[in-house]
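Q: Let me see the structure of the following:
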Amino acid sequence: MLPSVLIVDDEKHTREGLRQALEDDYDVSLAANADEAFNLLEAETFDAVLTDLRMPGKSGLKVIDRALALPNRPAVIMMTAYGSVDSAVDAMKRGAVDFLTKPVNLERLEVLLQRALKTKTLEVEVNQLHERLDEKFSIQGIIGHSVPLTDLIDKVRLVAPSRATILIEGESGTGKELIAQALHQSGARSRGPFVAVHCAALSENLLESELFGHERGAFTGAVERRTGRFESADGGTLFLDEIGEITASTQVKLLRFLETRMIERVGGSKPIQLDVRLVAATNRNLERMVAEGKFREDLFFRLNVVRLLMPTLRDRADDIPLLLAHYLKFFAKENGTPPPNLEAGALRTLCAYRWPGNIRELRNFCENAVVMHRGGRVTEYDLDPRYRAIGTLVGEGGRAGEGGNSGGGATFSPGGPLLALPGPPGASLSVEENEKRLLREALHKTRGNRTKAAQLMGLSRRTLHRKLAQWPELDTVD
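A: This is a model prediction of the structure:
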């Protein structure tokens, strides 16, 4: 399809001459005045508009205004026989890409049209890219409806429009970078750059150069000036993942930026003023590191303006079925195969598993299931044994097998959730029976206190209530 051009000029011979010059390469429409142009602009979509400045009635400036107010804005070029600098400047201020003096130089017109259409194509591609980014990283794209997740999303919506520095804390694999991207896409900087740096992946010298850039000759191998990630993120967001891994010297430079909003390149002495929103993330306890002298207290306070805590997957167990369905469908599409069918037993087993690797581990499971089963059925007996060992993976409170006995039934780890151990010799319990037994033991030990029983099981209260509704006979345990 040829690019479409609207020519607006009150002189008939000029309109016809321009049409003859362009019609081999463009789909050309003509208008003798601004009103005719308005009607055509409402009825059709044009890639470019070429309009005279001075015409009877409304001027070409009105045509520019009307054309650039459309949802699909054409590229606009102004023509004038007067060569007035003021008129040309006014046209450019209103959004015209360039101007031509009459009589029109056809070679220059062709160059300007090609340049304008190329620019318009790039603008469309950029807008489409931003729309895809908005869809992928927007708050609406975050999967789940559990209470911990919805609480987090509410906080993200609240702080995203602000300029405040954000500290995201949480275990590895919980989706800290996804939340950082959602903060960026939901705020006023969404059209600016989002730059991510994984601090633990770089050595001390490389990290400083990567963050702040360096001048030529700053160190051996610095053969030219390098722009750092801070400068690349100007007008947008810089995400520093694993902030707890940065060295003392980098901490000092980062503190200086947060206090002054200025940086200096490595080997340089000229301060560079920047407009960057900083979002940091860590899976370490920064307060403990401060107490141990491993992290600057003043930097911690500067980073900790707004703190967001990422829930673990075991804290949002209600979201596991949604996440499984989403990632099985995602990897099936990526591999060109139907998604596998998780049978009820497999789903129950996966929902009871503690997912120490969080969403990253769940993604890996889904990719493996798609590749290995290719649209087939997945039963609980098809799962790796680690998924079937309900509750054997614990949080920070203890390790599987610690503080237990060698007999059957269940045991409890101090400060940690209930642990499942093998039953009596010869016993063969299903996943559901084992889970019911553990829940019965937890309720018995806590004398029916649901909150404490949920803690022992490593479940949320909401999940515990759902299980008691499923097995009402357990609710009589005291």
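
Q: Tell me the spacing between S249 and L6.
A: Counting by CB to CB, to the nearest Å, the gap between S249 and L6 amounts to 60 Å. C-betas here are computed from N, CA, C, even on glycine.

Q: and those two? which has more neighbours close in?
A: For S249 and L6, the more surrounded residue by other CB atoms under 10 Å is L6, and the numbers stand at 24 against 12.

Q: Verify the assumption that the more buried one is located in a helix.
A: No - secondary structure assignment (DSSP: H, G, I helix; E, B strand; the rest coil) places L6 in strand, not in a helix.

Q: surely it meets D47?
A: No - assessed by CB atoms under 8 Å, L6 is found out of contact with D47, at 9.1 Å.

Q: which residues do these two both contact?
A: Overlap of the contact sets of L6 and D47 (by CB atoms under 8 Å, 6 or more residues apart in numbering) consists of P74.

Q: So what touches stretch 64-73?
A: Defining contact as CB under 8 Å, 6+ apart, one finds that stretch 64-73 is touched by 34, 37-38, 41, 45-46, 49, 51, 74, 76, 78, 91, 94-96, 120.

Q: Closest to R108 out of those residues?
A: M78 (13.3 Å; CB to CB).

Q: For A48, grab phi and psi.
A: phi -150, psi 150 (degrees, to the nearest 10).

Q: What of the one 4 residues further on?
A: Taking degrees, to the nearest 10, you get phi -70, psi 150 for the backbone angles of D52.

Q: From E16, how far out is it?
A: As judged by CB to CB, D52 and E16 stand 14 Å apart.

Q: Compare neighbour counts for these two and give me the winner.
A: Comparing D52 with E16 by neighbour count (other CB under 10 Å), the higher total belongs to D52, at 23 against 13.

Q: Which residue is the nearest non-sequential neighbour of the more buried one?
A: On the basis of CB to CB, 6 or more residues apart in numbering, the spatially nearest residue to D52 that is not a chain neighbour turns out to be D9, at 4.3 Å.

Q: wait, isn't the one you found in contact with L53?
A: No - under the criterion of CB under 8 Å, D9 makes no contact with L53, lying 9.9 Å away.

Q: Overlap in contacts, those two.
A: Residues touching both D9 and L53 (CB under 8 Å, 6+ apart) are M79.

Q: Which one's more surrounded, those two?
A: Set D9 next to L53 and count neighbours by other CB under 10 Å: D9 wins out with 25 against 22.

Q: residues contacting that one?
A: Contact analysis of D9 by CB under 8 Å, 6+ apart lists 15, 18, 32, 51-52, 55, 79.

Q: From the residues you listed, pick the one nearest S162.
A: T51 (43.1 Å).

Q: ok but that closest one is inside a strand, no?
A: Yes - the secondary structure assignment for T51 places it in a strand, going by three-state DSSP.

Q: burial of it, as a residue count?
A: 26.

Q: What of K333?
A: 12.

Q: phi, psi of it?
A: With angles defined as degrees, to the nearest 10, K333 sits at phi -60, psi -40.

Q: Check what pLDDT it gets.
A: Note on K333: pLDDT of 91.

Q: Excluding chain neighbours, what is closest to A332?
A: P339 (3.8 Å).

Q: show me what contacts the one you found?
A: Under the criterion of CB under 8 Å, 6+ apart, the neighbours of P339 are 328-329, 331-332, 370, 375.

Q: give me that answer again for 7 Å
A: The neighbours of P339, taking CB atoms under 7 Å, 6 or more residues apart in numbering as the test, are 328-329, 332, 370, 375.

Q: got those residues as a markdown table, with distance to E169 and neighbour count columns?
A: Shown next, in a markdown table, are the contacts of P339 (distance: CB to CB, whole Å; neighbours: other CB atoms under 10 Å):
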| residue | distance to E169 | neighbour count |
| --- | --- | --- |
| L328 | 29 | 22 |
| K329 | 30 | 14 |
| A332 | 33 | 20 |
| V370 | 32 | 23 |
| G375 | 39 | 11 |
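
Q: From these, which shows the smallest pLDDT?
A: Comparing pLDDT over these, the lowest score belongs to G375 (77).

Q: That one contacts N335, doesn't it?
A: No - distance between G375 and N335: 10.3 Å, which falls outside the contact criterion (CB atoms under 7 Å).

Q: Go ahead and measure how far stretch 142-161 is from the middle of the chain.
A: Here the centre of stretch 142-161 is set off from its chain's centre by 14 Å, with CA atoms, centre = their mean, to the nearest Å.

Q: Residues in contact with that stretch: which ones?
A: Among residues not part of stretch 142-161, those counted as contacts by CB under 7 Å, 6+ apart are 139, 166, 178-179, 182-183, 186-188, 306, 308, 311, 315-316, 318-319, 322-323, 326, 462.

Q: what about dumping the CA coordinates of it to PDB?
A: Taking only C-alpha atoms (Å, rounded to 0.1, in the frame of the first residue of the first chain), the coordinates of stretch 142-161 have been written out as PDB:
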ATOM      1  CA  ILE A 142       0.400  -9.100  38.000                       C
ATOM      2  CA  ILE A 143      -1.200 -12.500  38.600                       C
ATOM      3  CA  GLY A 144      -3.000 -13.400  41.800                       C
ATOM      4  CA  HIS A 145      -5.700 -12.300  44.200                       C
ATOM      5  CA  SER A 146      -4.400 -13.400  47.600                       C
ATOM      6  CA  VAL A 147      -4.500 -10.900  50.500                       C
ATOM      7  CA  PRO A 148      -0.700 -10.400  50.700                       C
ATOM      8  CA  LEU A 149      -0.500  -9.700  46.900                       C
ATOM      9  CA  THR A 150      -3.500  -7.400  46.800                       C
ATOM     10  CA  ASP A 151      -2.100  -5.400  49.800                       C
ATOM     11  CA  LEU A 152       1.200  -5.100  47.900                       C
ATOM     12  CA  ILE A 153      -0.500  -3.900  44.700                       C
ATOM     13  CA  ASP A 154      -2.400  -1.300  46.700                       C
ATOM     14  CA  LYS A 155       0.900   0.100  48.000                       C
ATOM     15  CA  VAL A 156       2.400   0.100  44.500                       C
ATOM     16  CA  ARG A 157      -0.600   2.100  43.100                       C
ATOM     17  CA  LEU A 158      -0.200   4.500  46.000                       C
ATOM     18  CA  VAL A 159       3.600   5.200  45.600                       C
ATOM     19  CA  ALA A 160       4.100   4.800  41.800                       C
ATOM     20  CA  PRO A 161       3.200   8.400  41.000                       C
END
